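1. I would like to see how this sequence folds:
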Amino acid sequence: MASKTQKISRSNIVSITNAGMNNYGGQQAIMPQFKGGYGTTLVNSSGGEYDGGDRVIGFPNGFEVDGDLLFTVGWGDGFACRRLNNDGSMTKLFQDSNFLYRDTTSTYNHLQSVAIDTTNKLGVVMTYNVDGYTTFDYSGCVDGGTTFVKNARPTHSNPQRFIQAESLNISSVGLYYTSGLVAAGEWIYAGEYDARHYRRVVRRNLNTDAEEVIGNSSGTDDLLSGSATIDRNGYRHTLFYDEINDRVFYHTYYNANFLLVVSASTASPKLVWCDMADAGLGDDGYEQGLHIDDPVNAPNRILIGCNTRIADIDITPCFSGNTATVHNQVSTNDISNVQFDNLFRFGYKYQKTSGVPMDKHPDHPTYVRTWADRGWNMQGGVLDRTNFKTPGFRRYNNVTEDTSNGFSRSTRHDYGGEFVRMASANGTKYWVQMGYGADGHRFMVWNDTDDPQLYRGNWEVVYGTFTLDASANVDYVQIVNLNLTAPAGVTITVHVSNNNGTDWESYDFANEPKHIFSTTGTQLRYKIASSGTETKQAYNLGYLGGMICTYGSLHSAEKESHGYNITRKRLV
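-> Numbers count the residues shown, from 1 in each chain. Predicted coordinates for the structure are as follows:
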């Protein structure tokens, strides 16, 4: 009885539709592809009008949008302001490779944080690794204008300090490649990189130059009635703004907490203390992200980045001095999920679910994308809300993809790669993608109807053709380590053929030890297929050593015991 056992790899792919398969770093995954392919863009450029300020590394506030104006800060190429034109192209209105004033004599170009006051058309740029800031006035760029003003270097005695109130001397913001600036109305909130303002929040009004410190070093001041005392220090901040509820999430890397600033754009903001360590969610929070499914009806049910995980929590108890309710967690570095070495970004800059600018998909407000960070998850992924996993390729290396039907390969980034939906002057909407590394250092633009954030659709991969020695009949097959996962509403099917795909038979891989063919043939193929939606498809995480296929011939008696039709001849 002949048989063979072999590992299944990319080299065994006969055909692949709407999916990719990799082999990198111990992962042999199958992932559905997104519609936003590299070759399907209207614009795909880093030259001419697109040169400069294109190395967008900061998350989530490495870019800002006001109408048809896009402001970007780049890692190594400064700052730029561009206009989105009605045909989807862009016009560069201003760019300065050394935009940041850092002291009395020099400027700097490695930037990751920008915030704008859309009321007064003012903005500011800062970074984490040098002291300094630069403000600007873009009022001359609105309504088709072209006059951008980079404000003069500050003339006070410490020109690198953005906020000097209470001698806090705020001069650098964010955490490495996450952003420490965010605007709430006319106020710019800053989160210091160094440990200067424990238990306090700082903000500045670019129109009046007023500076304010909210809270105190004891954690007892400016609290919303009912909030617990802020009893844990923290610094190196990533800031998010919930524009629907006028709240700033002041998320710190060290010491597992975030401060919620309510009524953030008003004259009387208050603080709510949310301690993630007390909720059992670890002691730091580099895995940054925020997503609110329904900011209108359920604003306190959120997804937020915590230590080595994404947490699904309800912060309602925090308003009465208690810890958040933890509903779910997903590890970002666990072999039961995808291993991204805890370098991870997810969610969105804007929490609203309609209009522009926005980065959620308007038709799918609970759909959560994940983004690249430090060379991992380079093609982006999603949050599987059913299984609470974050499927995605570790990197783009060693990937076989479907490049048919004009889709081309997937886009790739070392950092970021998130999309924003914005509109040109006549209201035409486009999706714009930015990022750093690989396909970063460029702008990519898609038509709104191309839906680049969503999956292409159902996928299928066919493997083969496998034969036994001497072209013996293939009577059975067993496939293990499939490691397939399906979100709710998605169907996974596996079919096998022993006549090179002429006839296919369903294989119940979860319950059928081995599949006995009802046909006769010598050429084995098998196919895996996912049937879902544009936001939900099955995937193979690709660990556990990859897929293994065993196949062979059977004796006549064993065939008959499985109901195999054997032609009997009378002996004479």
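2. what pLDDT does the residue nearest to residue 543 when sequence neighbours are not counted get?
-> Spatially, and ignoring its direct neighbours in sequence, residue 543 is nearest to residue 335 (5.5 Å; C-beta to C-beta, 6 or more residues apart in numbering). Where C-beta positions appear, they are placed from N, C-alpha and C, glycine not excepted. On pLDDT, residue 335 comes in at 73.
3. quick one: which helix or strand includes residue 335?
-> Here residue 335 is covered by no helix or strand, with elements defined by DSSP states H and E.
4. over to residue 404?
-> Counting by DSSP H and E, residue 404 is part of no helix or strand.
5. that one touches residue 15, doesn't it?
-> No. In this structure residue 404 lies outside contact range of residue 15 using C-beta atoms under 8 Å: 9.3 Å.
6. how about the contacts made by residue 26?
-> For residue 26, the contacting residues are 339, 543, by C-beta atoms under 8 Å, 6 or more residues apart in numbering.
7. give me phi/psi at it?
-> The phi/psi pair for residue 26 (degrees, to the nearest 10) reads phi 90, psi 0.
8. could you measure from it over to residue 363?
-> 36 Å (C-beta to C-beta, to the nearest Å).
9. show me where pLDDT drops low in the stretch 1-150 of the chain?
-> 1 (pLDDT under 70).
10. need phi/psi at the residue nearest to residue 532 when sequence neighbours are not counted.
-> With C-beta to C-beta, 6+ apart as the criterion, residue 532 has its nearest non-adjacent residue at 3.7 Å, and that residue is residue 490. In terms of degrees, to the nearest 10, the main-chain angles of residue 490 are phi -110, psi 140.
11. got the contact list for residue 490?
-> Contacts of residue 490 by C-beta under 8 Å, 6+ apart are 530, 531, 532, 533, 536, 537, 538.
12. could you identify the most distant pair in those?
-> 533 and 538 (11.2 Å; C-beta to C-beta).
13. quick one on the thing from earlier: tell me if I'm right that the residue nearest to residue 543 and residue 545 touch.
-> No. Assessed by C-beta under 8 Å, residue 335 is found out of contact with residue 545, at 11.2 Å.
14. now tell me which helix or strand of the chain has the poorest mean pLDDT.
-> helix 556-561 (a mean of 60; mean pLDDT, DSSP states H and E).
15. show me where pLDDT drops low in this structure?
-> Ranges of the chain meeting pLDDT under 70: 1, 256, 285-286, 342, 556-572.
16. and stretch 104-119, C-alpha only, in CSV?
-> Extracted C-alpha coordinates of stretch 104-119, given in CSV (Å, rounded to 0.1, in the frame of the first residue of the first chain):
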residue,chain,number,x,y,z
THR,A,104,17.6,79.4,18.8
THR,A,105,19.8,78.3,15.9
SER,A,106,18.6,75.1,14.3
THR,A,107,15.6,73.2,12.9
TYR,A,108,14.7,69.5,12.6
ASN,A,109,13.0,67.2,10.3
HIS,A,110,12.0,63.9,12.1
LEU,A,111,8.4,64.6,13.0
GLN,A,112,5.5,62.5,14.2
SER,A,113,2.8,64.8,15.7
VAL,A,114,0.6,67.5,14.2
ALA,A,115,-2.6,69.1,15.4
ILE,A,116,-4.8,71.8,13.9
ASP,A,117,-7.4,74.2,15.3
THR,A,118,-10.0,74.1,12.4
THR,A,119,-11.9,77.1,13.9
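17. going forward, begin numbering at 43 instead of 1
-> Sure, I'll start numbering at 43, so the last one becomes stretch 146-161.
18. how about that stretch: buried residues?
-> Within stretch 146-161, the residues that qualify as buried are 149, 150, 151, 152, 153, 154, 155, 156, 157, 158, 159, 160, counting by 16 or more other C-beta atoms under 10 Å.
19. could you export stretch 267-285 as CSV, CA atoms only?
-> Extracted in CSV, the C-alpha atoms of stretch 267-285 (Å, rounded to 0.1, in the frame of the first residue of the first chain):
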residue,chain,number,x,y,z
SER,A,267,-17.6,64.3,40.2
GLY,A,268,-17.4,60.6,41.0
SER,A,269,-14.0,59.9,39.5
ALA,A,270,-11.4,58.2,41.7
THR,A,271,-8.2,60.0,42.7
ILE,A,272,-5.5,59.6,40.1
ASP,A,273,-3.1,57.3,42.0
ARG,A,274,-0.6,56.2,39.5
ASN,A,275,2.0,58.1,37.5
GLY,A,276,2.5,57.8,33.8
TYR,A,277,4.2,59.4,30.9
ARG,A,278,5.0,59.1,27.2
HIS,A,279,1.5,59.7,25.9
THR,A,280,-0.5,58.8,22.8
LEU,A,281,-3.6,61.0,22.4
PHE,A,282,-6.9,60.3,20.7
TYR,A,283,-9.9,62.6,20.4
ASP,A,284,-13.5,61.4,20.4
GLU,A,285,-15.1,64.3,18.5
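20. okay, buried residues for that stretch please.
-> For stretch 267-285, a neighbour-count test (16+ other C-beta under 10 Å) marks 269-270, 272, 274, 276-285 as buried.
21. and the buried residues of stretch 146-161 as JSON lines, adding distance to residue 256?
-> Below are the buried residues of stretch 146-161 laid out as JSON lines (distance: C-beta to C-beta, whole Å):
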{"residue": "149", "distance to residue 256": "31"}
{"residue": "150", "distance to residue 256": "28"}
{"residue": "151", "distance to residue 256": "32"}
{"residue": "152", "distance to residue 256": "29"}
{"residue": "153", "distance to residue 256": "26"}
{"residue": "154", "distance to residue 256": "24"}
{"residue": "155", "distance to residue 256": "19"}
{"residue": "156", "distance to residue 256": "22"}
{"residue": "157", "distance to residue 256": "17"}
{"residue": "158", "distance to residue 256": "21"}
{"residue": "159", "distance to residue 256": "18"}
{"residue": "160", "distance to residue 256": "22"}
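22. re earlier: how deep is the residue nearest to residue 585 tucked in, by neighbour count?
-> Residues lying near residue 377 (other C-beta atoms under 10 Å) number 11.
23. how close does it get to residue 354?
-> 21 Å.
24. same question for residue 229.
-> From residue 229 to residue 354 the distance is 30 Å (C-beta to C-beta).
25. between those two, which one's more packed in?
-> residue 229 (23 against 20).
26. nearest spatial neighbour of that one, chain-adjacent residues omitted?
-> Ranked by C-beta to C-beta, 6+ apart and with sequence neighbours excluded, the top spatial neighbour of residue 229 is residue 245, at 4.6 Å.
27. residue 552: neighbour count?
-> Residue 552 has 9 neighbours, counted by other C-beta under 10 Å.
28. what does the one 5 residues further on give?
-> The tally of other residues near residue 557 (other C-beta under 10 Å) stands at 23.
29. in the sheet, who's paired with it?
-> residue 519 (DSSP bridges).
30. who's in contact with it?
-> 518, 519, 520, 538, 547, 549, 550 are the contacts of residue 557 under C-beta under 8 Å, 6+ apart.
31. quick one: the strands in the stretch 443-592 of the chain, in order.
-> 457-465, 471-478, 485-489, 501-508, 518-522, 526-527, 533-539, 547-548, 557-558, 566-573, 581-582, 590-594 (DSSP state E, counting those that start in this stretch).
32. tell me the contacts of residue 100?
-> Counting by C-beta under 8 Å, 6+ apart, residue 100 has contacts 115, 153, 154, 155, 156, 216, 219, 220, 221, 458.
33. 10 Å instead?
-> Applying C-beta atoms under 10 Å, 6 or more residues apart in numbering, we find residue 100 in contact with 114-117, 153-156, 168-170, 215-223, 280, 457-458, 478.
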